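Student: Take a look and give me a structure for this.
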Amino acid sequence: MSPVEFRILTPNDATAWRKIRLEALENDPEAFGASVEAHHKLTDDEVRSRLTLDMDERFVVGAFADGELVGTAGFVREPGSK
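Tutor: All right, here's what the predicted structure looks like:
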């Protein structure tokens, strides 16, 4: 087994992210605030926008095994004073 590599996803990863996100939504819907239906409605531009780096507000880290995206973790700063 080759080592798992981690890196921040970019808009170039949109196709792989869309696929793995759909799989996660279908297999564990309770873990997400979004639905499969909402995911299907996302445009390509909206997906790329989600993966546009903005370290002050949001970013998505991907885990890659043998060059394939096998896991993700999204980080979003919630608005508010705390």
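Student: all helices for this structure, in order.
Tutor: 14-27, 36-41, 44-50 (DSSP state H).
Student: Output the below-cut-off pLDDT ranges for the protein.
Tutor: Across the chain, the ranges flagged by pLDDT under 70 are 1, 82.
Student: Surely residue 65 and residue 4 touch.
Tutor: Yes: under the criterion of CB atoms under 8 Å, residue 65 makes contact with residue 4 at 5.3 Å. From N, CA and C alone the C-beta is placed, and that goes for glycine too.
Student: Compare the helices of the chain and give me the one nearest residue 59.
Tutor: Nearest to residue 59 among these is helix 44-50 (9.7 Å), distances taken as CB to CB.
Student: What lies in contact with the closest one?
Tutor: 11, 14, 17-18, 58, 60 (CB atoms under 8 Å, 6 or more residues apart in numbering).
Student: ok, of those, which come out buried?
Tutor: 14, 17-18, 60 (16 or more other CB atoms under 10 Å).
Student: May I see those residues arranged in TSV, with distance to residue 28 as well?
Tutor: Listed next are the buried ones among the contacts of helix 44-50 as TSV, based on distance: CB to CB, whole Å:
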residue	distance to residue 28
14	21
17	16
18	17
60	17
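Student: tally of neighbours for residue 71?
Tutor: For residue 71, the neighbour count with other CB atoms under 10 Å is 13.
Student: Likewise for the one 10 residues further on?
Tutor: For residue 81, the neighbour count with other CB under 10 Å is 3.
Student: list the contacts for it?
Tutor: Residue 81 neighbours (CB under 8 Å, 6+ apart): none.
Student: now residue 18
Tutor: Contacts of residue 18 (CB under 8 Å, 6+ apart): 39, 42, 47.
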